[in-house]
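> this one's structure only:
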Ligand SMILES: NC(=O)C1=CN([C@@H]2O[C@H](COP(=O)(O)OP(=O)(O)OC[C@H]3O[C@@H](n4cnc5c(N)ncnc54)[C@H](OP(=O)(O)O)[C@@H]3O)[C@@H](O)[C@H]2O)C=CC1
Ligand SMILES: O=C(O)C1=N[C@H](C(=O)O)C[C@H](O)C1
């Protein structure tokens with residue numbers, strides 16, 4: 001039985017993680033944190049009361065509940081502090097929160113290695129995106145030209161999405177060539193991550209969706225892959241795959257893709 005603590009227990013993803021943890025036989029919900037705190041975790045998750053209250057002080061909540069694994073879906077604003085706290089407590093962590101710059105992630109990787117920690121820092125737990133990342137790693141060398149486009153509702157916290165950066169980093173060698181176009185509207189061409197052009201599109205559409213599109217090119221051939229997710233439930237299978245797997249990783253390991261976990 002894995003004792004699980006959920007950071008961000010009142011959020012879109014955190015609530016689903018709490019509900020799933022209640023249903024699963026291999027997991028026991030140890031506690032949860034959210035900014036507000038004070039409410040029953042079951043009620044927050046839209047189910048029956050559990051008699052287990054969300055805490056608003058993460059350090060206190062973790063000390064009181066002695067979890068085996070912490071899952072974090074909170075905010076880029078607090079991500080750095082949360083990672084430091086999990087490291088200080090030597091906790092195995094599965095982190096979905098995005099928005100940490102790549103140079104910072106390199107420092108996190110060093111800390112994980114130096115202190116013998118185990119961390120899954122995965123910007124997208126969806127099956128489709130993880131399969132595309134595996135595909136890009138396998139075939140990217142055949143396609144010298146690459147670009148990544150991501151589309152989210154206007155409420156999306158960061159631009160680009162963490163997933164867009166991870167997709168860009170999955171292509172060995174980045175993209176070739178230069179873009180000569182002059183920007184008439186500032187920012188219209190987007191940015192660049194790992195040598196790959198990345199563009200974010202935001203629309204005040206009411207429903208949830210998350211879309212990523214990768215275009216691969218070589219002489220006389222364009223290959224385009226698009227993944228659209230309409231509900232946070234698509235992340236659950238991957239999150240619990242990581243929850244089961246993180247404790248079995250060798251100490252000092254940071255994984256960025258589900259494909260890095262050994263097959264079950
Ligand atoms: N890796 C993946 O597969 C996915 C990653 N994400 C990422 O996960 C993160 C969370 O997404 P989502 O669930 O939609 O977010 P929500 O805004 O729905 O939930 C955020 C949660 O974090 C808490 N929180 C918000 N701000 C703070 C803060 N400053 N300090 C402490 N706690 C805070 C909120 O508490 P309260 O309600 O009390 O304010 C809430 O519990 C984002 O970075 C998102 O991009 C999202 C989907 C999939
Ligand atoms: O906040 C979201 O919605 C999402 N965040 C993750 C990201 O930043 O990549 C995953 C997905 O794009 C949805």
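That came through, no problem. As the structure is a computational prediction, the values presented were derived from the model and not from experiment. Ligands and ions are numbered 1, 2, ... in the order given.

> only C-alpha atoms for contact and neighbour calcs from this point on.
Will do.

> how about the residue lying closest to residue 67 once chain neighbours are set aside, phi and psi?
Taking Cα to Cα, 6 or more residues apart in numbering, and ignoring the residues beside it in sequence, residue 67 has residue 3 as its nearest neighbour in space, at 4.8 Å. Residue 3 has phi and psi values of phi -80, psi 120 when expressed as degrees, to the nearest 10.

> what residues are up against residue 3?
Contacts for residue 3 (Cα atoms under 8 Å, 6 or more residues apart in numbering) come out as 27, 28, 29, 30, 66, 67, 68, 69.

> Next up, the contacts around residue 8.
Each residue near residue 8 by Cα under 8 Å, 6+ apart is listed here: 14, 15, 32, 33, 34, 35, 72, 73, 74.

> Determine which two of those are furthest apart.
The span of the contacts of residue 8, defined through Cα to Cα, is set by 15 and 35 at 13.6 Å.

> ok, the two, which is more surrounded?
Per other Cα atoms under 10 Å, whichever of residue 15 and residue 35 has more neighbours is residue 15, with 25 against 16.

> Quick check: the more buried one vs residue 258, distance?
Applying Cα to Cα, to the nearest Å, one obtains 21 Å for the distance of residue 15 from residue 258.

> Weed out the non-buried ones from the contacts of residue 3.
Among the contacts of residue 3, those scoring as buried are 27, 28, 29, 30, 67, 68, 69 (criterion: 16 or more other Cα atoms under 10 Å).

> quick check, nearest of those to ligand 2?
Set against ligand 2, the nearest of the buried ones among the contacts of residue 3 by Cα to the nearest ligand atom is residue 69 (20.6 Å).

> Just grab the bridge partners of the closest one for me.
Note on residue 69: beta-bridge partners residue 4, residue 92, judged by DSSP bridges.

> could the contacts of residue 3 go into TSV alongside distance to ligand 2 and pLDDT?
Conversion of the contacts of residue 3 to TSV gives the following (distance: Cα to the nearest ligand atom, whole Å; pLDDT from 0 to 100):
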residue	distance to ligand 2	pLDDT
27	24	97
28	25	97
29	24	98
30	25	98
66	28	96
67	25	98
68	24	98
69	21	98
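
> Can you give me the buried ones in stretch 101-120?
Buried-residue list, stretch 101-120, by 16+ other Cα under 10 Å: 108, 109, 111, 112, 113, 116, 117, 118, 119, 120.

> do the helix or strand encompassing the fifth one and ligand 2 meet at all?
Following DSSP states H and E, one finds residue 113 within helix 102-115. No. On the criterion Cα under 6 Å from any ligand atom, helix 102-115 is out of touch with ligand 2, staying 13.3 Å away.

> From the chain's centroid, how far away is that helix?
Averaged C-alpha coordinates place helix 102-115 at 16 Å from its chain's average position (Cα atoms, centre = their mean, to the nearest Å).

> Thanks again, I'm all set now.
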